[in-house]
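S.K.: sequence? don't have it. structure:
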């Protein structure tokens, strides 16, 4: 591995500067991404064609020299493999042709062999690893069971904080649990497959964990996350895991206790406080507001420095992976990302003990 | 006042049970509300016709015996008075005909005399007070400057966490501050007018404070809230204020330091922890997940009891106002609200020292 800074930060080993990658770094702000997407025809075809998924995964590495690559895919590939009919409505986000509306729907969920139904993901991972050729580590990922369940029960994106799903939490918690159990086991197999194909770290995205009541976060999201982290650790003790719960800033201790190696922080989290709360157990990943990248390059540099300084001194068993607090906006000017990467390197070198 | 339980709880004085009211309690889940709304023609006409606003304000008091009434109005009356042309698109939430897109737009915001432009609100408050006839206290309210600015700059509701507004935070913080300053002064005048018309408590809704980066919450929302709370306290020292920041669970200490009497908590907040963090400075209001009311009556009772018990013992200078963590859903079955009110009374009587 030519650059293992990211893996060292996750393991809280010494680093010479803070590694940086960006959620959704292979995305619509990049003209080369848009060109490949056009070639693919649509977003889902891009995800399902290993050569094209590989191409876009590498584009931001080539352009910006990020310290990690992340598999290009969608968080909803598992529900798609379960036969729900994933598709995308322009400007409206993901939609399913079928949704889970009853006990019968839960029971009717088919058995899925991930290697068979999601083999295109394994192929993409293997191809990306080969094309990366040891430049930087490759991150595999999955949506969390709770987040996947949100989309499956609501039938797509939600304009009302997934109220129909939250209703189920109280009216049919048994069914939600049944869905979560099915998904937990599938996510384990899915991540396991990605690791066996070459993924060198796994990130779990709990995009909607922050919608859960405090009394429910543990039972309806954290427990599934912990089960996945533990199962992956048993099978692949050397592969680090990152758990990101958007809106989970109040539960960092509980998230760290899943046994993950790093906790992702959205931009509402105070990174200095997060470090004092859980920084002796896990590395932290985050947490610049993606909106910063829509401002001036000077603002980008100032805010990047602020995030680096809020984490503070590197070393002493602490680990920080610089990232955004959410995915990069499609409206991000290309030069602002250059400014960001340079500013993180410069500011973080001054934090090395 | 026949029932001053709500005011006593806000002042952290002894109570014989926990008072209860629900955000958006005059709303579409009530058939009598829908009848009045139909009579009004549309939502905005309902807000702007004091007799009808009074009618719907009292409906939930008559039906359920809540311990407080809240003025029926919209949080966007101030931007409407500023000439932005508020209207509602069915199923899409509020929209403005004009939005604030430039420095010129900020400078062009007209001077507004609230008594003149928003006199219909004063009339509604006075009428409601008369019709309530001392049964329960009347709460007046306003959107927070940050939340109003979100709508004014984006031109309505947002599907992307108000990214265009957050962009301004970094690219034109001076303009955001100019808008916030204008709004802060208007909100003070607006709440002052409501109090002079008869409002007995004021609630400030910061619906979008939770979208701010940790480093920005203080400067772009909390400071305006604190300025309003202080100005109202100077003018009306006996009128309690409640500050509710949705998604603000990480910042309860900072919110309490605005000088408000009570802090609203959404359903992601652990009420026991909130009490230990700020319960010696302020009362707490909240925080049942509104989705609970879509489940069975048994679930409603169990979850209501859980919230009451998580706050814990009443007395000892602590105050709890039972509420939801967000507005009541239009799909709420009527009987579930009855079950809720009864359960809160029963469970909280057991918490009196």
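M.R.: Thanks, I have the structure now. It should be emphasised that the depicted structure is a prediction, and the values quoted were computed from it without experimental measurement.

S.K.: Now do the contacts for residue A:59.
M.R.: A:26, A:30, A:32, A:33, A:36 (Cβ atoms under 8 Å, 6 or more residues apart in numbering or on different chains). For every residue, glycine as well, the C-beta is placed using N, CA and C.

S.K.: Need the nearest residue in space to the first one, chain neighbours excluded.
M.R.: Nearest residue to residue A:26, sequence neighbours excluded (Cβ to Cβ, 6 or more residues apart in numbering or on different chains): residue A:56, at 4.4 Å.

S.K.: show me the contacts for that neighbour.
M.R.: Listed by Cβ under 8 Å, 6+ apart, the contact set of residue A:56 reads A:26, A:32, A:33, A:36, A:37, A:46, A:72.

S.K.: closest to residue A:279 among the contacts of residue A:59?
M.R.: Taking Cβ to Cβ as the measure, residue A:279 lies nearest residue A:26 of the contacts of residue A:59, at 29.3 Å.

S.K.: And the closest one, how far from residue A:59?
M.R.: The gap separating residue A:26 from residue A:59 is 6 Å, by Cβ to Cβ, to the nearest Å.

S.K.: what do these two both touch?
M.R.: With Cβ under 8 Å, 6+ apart, residue A:26 and residue A:59 have common neighbours residue A:33.

S.K.: Which positions in chain A make contact with chain B?
M.R.: Neighbours of chain B within chain A, by Cβ under 8 Å from any Cβ of the partner chain: A:159, A:163, A:166-167, A:169-171, A:210-217, A:247, A:249-250, A:267-271, A:289-292, A:294-296, A:299, A:303, A:306, A:310, A:325, A:329, A:331.

S.K.: Which of those residues fall in helices?
M.R.: A:163, A:166-167, A:169-171, A:214-217, A:271, A:299, A:303, A:306, A:310 (DSSP state H).

S.K.: if we can go back for a sec, and the residue nearest to residue A:26, backbone torsions?
M.R.: Phi and psi for residue A:56, reported as degrees, to the nearest 10, are phi -70, psi -30.

S.K.: Model confidence for it, exactly?
M.R.: Residue A:56 is assigned a pLDDT of 98 by the prediction.

S.K.: Is residue A:23 part of a helix or strand, or is it coil?
M.R.: Three-state call for residue A:23 (DSSP: H, G, I helix; E, B strand; the rest coil): coil.

S.K.: Could I have the ChimeraX command that selects the buried members from the residues of chain A next to chain B?
M.R.: Remark: buried members of the residues of chain A next to chain B, expressed as a ChimeraX selection using 16 or more other Cβ atoms under 10 Å in any protein chain shown:
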select /A:163,166,167,169,170,171,210,211,212,213,214,215,216,217,247,249,250,267,268,269,270,271,289,290,291,292,294,295,299,303,310,325,329
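
S.K.: hmm, what's the outermost residue in chain A?
M.R.: Ranked by distance from the centre of chain A (Cα atoms, centre = their mean), the top residue is residue A:104, with 31.2 Å.

S.K.: what pLDDT does it get?
M.R.: 97.

S.K.: Just confirm it is within a helix.
M.R.: Yes - under three-state DSSP, residue A:104 falls within a helix.

S.K.: OK, contacts around it?
M.R.: Contacts for residue A:104 (Cβ under 8 Å, 6+ apart) come out as none.

S.K.: likewise residue A:27?
M.R.: Counting by Cβ under 8 Å, 6+ apart, residue A:27 touches A:33, A:327, A:328, A:330.

S.K.: do you know how far the residue nearest to residue A:26 is from residue A:191?
M.R.: According to Cβ to Cβ, residue A:56 stands 21 Å off from residue A:191.

S.K.: Name the residues of stretch A:302-318 that are buried.
M.R.: Using 16+ other Cβ under 10 Å as the test for burial, stretch A:302-318 gives A:303, A:304, A:305, A:307, A:308, A:310, A:311, A:314, A:318.

S.K.: same question, stretch A:224-240
M.R.: A:224, A:225, A:226, A:227, A:228, A:229, A:231, A:232, A:233, A:236, A:239, A:240.

S.K.: for the helix or strand where residue A:8 lies, packing partners?
M.R.: Using DSSP states H and E, the secondary-structure element containing residue A:8 is helix A:5-10. Judged by 3 or more Cβ pairs under 8 Å, 6 or more residues apart in numbering or on different chains; DSSP states H and E, helix A:5-10 is in contact with strand A:201-206, strand A:320-324.
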